[in-house]
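>>> The sequence isn't on hand, but the structure is:
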């Protein structure tokens, strides 16, 4: 996961503070194996310099342009980290938008990729996808998946293959797999892996499959193994083998435990002067071998290799005496594996993040399932992308704080539930931010109600029925 074995140097052109930015904002970056992390960091300066960056229709807060560019570059380069920079030779412009994009037909969307080499994305939608990392909803991976598809100018969810035979085999697979996914959504069974948005057009298959491959890799591997194997072949990496999702705080703890001079508040920027410079003439892909060689680990690996060879020789010597035992163990293993596979599949379906989308593919509702029950924070957005509701749940029941928002982002009402019953103090505000009411609940029943008028005066009531159902 990320960089935890030692304070690895920064590849040429990669700024120390970029590592801090990515660890804070990009969940997938924190999961990457160390060798892939360095390969990706080596590509990011090239990508940032190559692209023409624009901010259009931006009238709100001042954007952190460096942070935005580095985060987009990270996820964009992840798709070609084991492929080739030539995959993006036709791509040249990235445009950030503050609000949703509107097509010529008047449809709203979070982003789109243009065959001519331009990608446009709403920043808030981009940020949500980067920070979660496991909800199967990553706008940057989606749009750059389109850009991979556009390289061959066919727009058919078939990326570039060096082998014509491989391309032909993939096209045959694509026809059957896409039909099966569309059928699964029609029947509403077995459709939890690939987003429904993929069924709107075959050109969306590769993009949605790419999102699932990186954000729900274990689920894809369990439930659509052929698709997973093709994604491994396309991207030349195996994210199901990466560490589980890890937080920025966990990374700090890991380094604090292993590195004597690293405190929990340390940052790569603050420690940059203490970290060795990048070795001359060493590519990021070769750094791991170089590091082992210069730190005396090759001797250990040689000892381990000889031990493995000796153990393998002993196993070969006994092989002729163990045929029946092996067959029995193999049968037992397969039965156990099948049982564990089914159990894991049930677990994955009952423990996941659920997003209900509007027809344009943007989130409408988001919540988590824990053992098949809604658990934790449930959020709801309107069609303009504005957060309207946040409710804490426990085993499917309202339990904890609840907040409702006006369309302008200000709070409309705030209170608490205890197992679906209102409790404690509830407050409300007018759309201009002035108080609207204040009520108190005891044992699920309304005890007092104080209402504020436009003149600032208040009236206090006993038990009454109000428009929020109390």
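All right, it came through fine. All values derive from a computational prediction rather than experimental measurement. Numbers count the residues shown, from 1 in each chain.
>>> make it CA atoms for all contacts and neighbour counts henceforth
Fine.
>>> What is the neighbour count of residue 321?
Using other Cα atoms under 10 Å, residue 321 has 10 other residues around it.
>>> Now stretch 240-247: buried residues?
Buried positions in stretch 240-247, judged by neighbour count with 16 or more other Cα atoms under 10 Å: 240, 242, 245, 246.
>>> distance between the ends of that stretch?
Taking Cα to Cα, to the nearest Å, stretch 240-247 runs 18 Å from one end to the other.
>>> Show me how far that stretch is from its chain's centre.
11 Å (Cα atoms, centre = their mean, to the nearest Å).
>>> tell me the average confidence for that stretch?
Confidence for stretch 240-247, expressed as mean pLDDT, is 90.
>>> Contacts for that stretch next, please.
1, 27, 28, 30, 31, 32, 33, 133, 134, 217, 218, 221 (Cα atoms under 8 Å, 6 or more residues apart in numbering).
>>> how about CSV for those, with distance to residue 106 and neighbour count added?
Shown next, in CSV, are the contacts of stretch 240-247 (distance: Cα to Cα, whole Å; neighbours: other Cα atoms under 10 Å):
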residue, distance to residue 106, neighbour count
1, 43, 20
27, 33, 21
28, 33, 26
30, 38, 26
31, 38, 21
32, 39, 22
33, 43, 17
133, 30, 22
134, 31, 21
217, 35, 23
218, 38, 23
221, 38, 17
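>>> Just the closest of the residues you listed to residue 49, please.
Closest approach to residue 49 among the contacts of stretch 240-247 (Cα to Cα): residue 28, at 22.4 Å.
>>> State the distance from the closest one to residue 291.
In terms of Cα to Cα, residue 28 sits 24 Å off from residue 291.
>>> and the residue nearest to residue 428 when sequence neighbours are not counted, how many neighbours?
Among residues not flanking residue 428 along the chain, residue 413 sits closest, at 4.2 Å (Cα to Cα, 6 or more residues apart in numbering). Using other Cα under 10 Å, residue 413 has 21 neighbouring residues.
>>> what about the helix or strand residue 413 falls within, distance to the chain center?
Per DSSP states H and E: residue 413 is located in strand 411-418. On the basis of Cα atoms, centre = their mean, strand 411-418 sits 29 Å off its chain's mean C-alpha point.
>>> Do me a favour and average the pLDDT over the helix or strand that that strand is followed by.
As assigned by DSSP H and E, the chain's next helix or strand after strand 411-418 is strand 421-429. Averaging pLDDT along strand 421-429 gives 95.
>>> Which stretches in the stretch 51-200 of the chain count as strands?
52-56, 93-97, 101-102, 108-109, 111-114, 118-122 (DSSP state E, counting those that start in this stretch).
>>> Parallel or antiparallel, which strands does the third one pair with?
Same thing as strand 101-102. Note on strand 101-102: by DSSP bridges, its sheet partners are strand 108-109 (antiparallel).
>>> got a list of contacts for the partner strand?
Here strand 108-109 makes contact (Cα under 8 Å, 6+ apart) with 100, 101, 102, 103, 360, 361, 362.
>>> And the buried ones among those, selectable in PyMOL?
A single PyMOL command selects the buried members of the contacts of strand 108-109 (16+ other Cα under 10 Å):
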select buried, resi 100+101+361+362
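>>> Show me the shaky parts of the chain.
190-191, 295-302, 454-457, 460-470 (pLDDT under 70).
>>> can you give me the offset of the lengthiest helix in it from its chain's centre?
Assignment by DSSP state H gives helix 323-350 as the longest helix of the chain. Between the centre of helix 323-350 and the centre of its chain there are 30 Å (Cα atoms, centre = their mean).
>>> Could you do stretch 352-364 as well?
Relative to its chain's centre, stretch 352-364 lies at 14 Å (Cα atoms, centre = their mean).
>>> Show me which residues of it are buried.
Neighbour-count burial for stretch 352-364 [16+ other Cα under 10 Å]: 352, 353, 354, 355, 357, 361, 362, 363, 364.
>>> Show me those residues that map onto strands.
352, 353, 354, 355, 357, 363, 364 (DSSP state E).
>>> Put together a markdown table for those, with distance to residue 266 on each row.
Converted to a markdown table, these look like this (distance: Cα to Cα, whole Å):
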| residue | distance to residue 266 |
| --- | --- |
| 352 | 33 |
| 353 | 32 |
| 354 | 35 |
| 355 | 35 |
| 357 | 39 |
| 363 | 36 |
| 364 | 38 |
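>>> In contact with the residue nearest the centre of the chain, which residues?
Nearest to the mean C-alpha position of the chain, by Cα atoms, centre = their mean, lies residue 133 at 1.7 Å. Residue 133 sits next to 26, 27, 28, 215, 245 when contact means Cα under 8 Å, 6+ apart.
>>> contact partners of the helix or strand where residue 399 lies?
Here residue 399, judged by DSSP H and E, is contained in strand 397-405. Outside of strand 397-405, the residues within contact range by Cα under 8 Å, 6+ apart are 374, 387-393, 411-421.
>>> hmm, back to that, which ones among the contacts of stretch 240-247 map onto helices?
Per DSSP H, the contacts of stretch 240-247 map to helices at 27, 28, 30, 31, 217, 218, 221.
>>> which one of those residues is nearest residue 164?
residue 221 (25.5 Å).
>>> Need the phi and psi values for the closest residue to residue 427 other than its chain neighbours.
Leaving aside its sequence neighbours, residue 427 sits nearest to residue 438 (Cα to Cα, 6+ apart; 4.5 Å). Note on residue 438: backbone dihedrals following degrees, to the nearest 10 are phi -140, psi 130.
>>> quick one: residue 438 and residue 424 touch, right?
No: with contact defined as Cα atoms under 8 Å, residue 438 does not count as touching residue 424 (10.5 Å).
>>> higher neighbour count, those two?
Ranked by neighbour count (other Cα under 10 Å), residue 438 and residue 424 place residue 438 first, with 20 against 17.
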